[in-house]
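>>> From the sequence below, what's the structure:
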Amino acid sequence: MAKQNIYDNETFFEDFREKRSREVNFNDCLETPILTAMLPDLTGKTVLDVGCGMGQHAKQYADLGASSVTGIDISEKMLEHARTHFSAPNITYRKLAMEDLGTLHEPFDVITSSLAFDYAEDFTALMADLYGLLKPGGTLVYSMSHPMATAWDGAYDRYTRAETGERLYANVRNYAKEGLRKVKWVVEDYEVYHRTFATIVNAMISAGFLIEECRESCALEELLAAHPDVFGGTVHRPDFVFFRCRRL
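This next block holds a predicted model:
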């Protein structure tokens with residue numbers, strides 16, 4: 001299977017780091033609050049963070065009382081940033097692609113992932129690997145790009161706009177055609193895998209998960225009012241989808 005490592009591209013990494021450093025960004029304002037609210041109590045739990053990136057979530061989980069946090073990522077640049085800025089005695093960062101999760105042997109109480117599963121070519125195999133790494137009764141909580149967001153191939157604007165620039169509605173194309181999509185986002189040929197909502201749900205079911213909760217992102221009214229230029233499109237389609245699942 002293909003293993004994408006776009007975050008070791010210097011141009012992409014620096015752009016991502018600059019965006020994350022802004023006070024107002026999609027990760028901190030939209031994604032993290034929902035993901036955090038869906039977590040179980042982490043006190044004394046062993047946690048695996050898949051696609052840990054810069055380490056913000058791993059440090060958050062350590063601060064929430066996890067006994068240990070293992071953060072894995074394929075990107076050396078991301079891991080270097082995580083070790084430098086978001087380290088703790090109970091956090092271990094490892095270079096490991098999500099396609100190689102089967103090389104891990106220790107079971108975990110909780111597995112999390114923030115916006116990393118868009119890069120997985122075989123989502124069904126990924127869900128099976130995650131199920132196998134959880135202890136009985138363990139919890140998987142993750143976010144990924146919403147299928148309505150990945151149903152965009154870069155050949156046209158994401159939104160149809162009025163002459164004033166106001167977003168009138170979101171453009172969706174070839175939703176039913178699953179697979180690799182290459183678009184221009186910061187760099188040429190940025191790659192994500194588009195799959196339908198049904199495919200995502202059925203992959204979790206086939207792995208054996210009990211789906212306990214699903215949420216979709218939408219900016220709160222006060223956030224929309226304060227930053228319409230940033231979050232104005234969230235009323236037309238969700239950017240992210242979130243699931244909490246349990247191993248029986």
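
>>> rest of the way, CA atoms for contacts and neighbours
OK.

>>> A helix includes residue 243, no?
No: counting by DSSP: H, G, I helix; E, B strand; the rest coil, residue 243 falls outside a helix, being strand.

>>> Got the confidence number for it?
Note on residue 243: pLDDT of 98.

>>> And the pLDDT for residue 2?
Residue 2 carries a pLDDT value of 59.

>>> again, but for residue 185
Residue 185 is assigned 64 on the pLDDT scale.

>>> longest strand anywhere in the chain?
Using DSSP state E, we find that the single longest strand of the chain is strand 134-145.

>>> packing partners for that strand?
helix 32-37, strand 108-114, strand 240-246 (3 or more CA pairs under 8 Å, 6 or more residues apart in numbering; DSSP states H and E).

>>> now what about the second one, what contacts it?
When contacts are defined by CA atoms under 8 Å, 6 or more residues apart in numbering, strand 108-114 is touched by residues 35, 42, 45-52, 130, 133-135, 137-144.

>>> From these, list just the buried residues.
Buried members of the contacts of strand 108-114, scored by 16 or more other CA atoms under 10 Å, are 35, 42, 45-52, 130, 133-135, 138-144.

>>> Please name every helix or strand in contact with the helix or strand of the chain with the lowest mean pLDDT.
The helix or strand of the chain with the poorest confidence is helix 26; it has a mean of 75 (mean pLDDT, DSSP states H and E). The contact analysis (3+ CA pairs under 8 Å, 6+ apart) places helix 26 against no helix or strand.

>>> got the residue ranges for the helices in the protein?
Using DSSP state H, the helices found in the chain span residues 10-21, 26, 32-37, 56-63, 76-85, 123-133, 147-150, 197-207, 221-226, 228-231.

>>> weakest of these in terms of mean pLDDT?
Among these, helix 26 carries the lowest mean pLDDT, at a mean of 75.

>>> that older thread, most tightly packed of the helices of the chain?
Mean neighbour count (mean count of other CA atoms under 10 Å) peaks for helix 147-150 among those, with a mean of 23.

>>> residue contacts, the residue nearest to the spatial centre of the chain?
By CA atoms, centre = their mean, the chain has its centre lying nearest to residue 115, at 1.1 Å. Shown in contact with residue 115 (CA under 8 Å, 6+ apart): 51, 142, 143, 144, 145.
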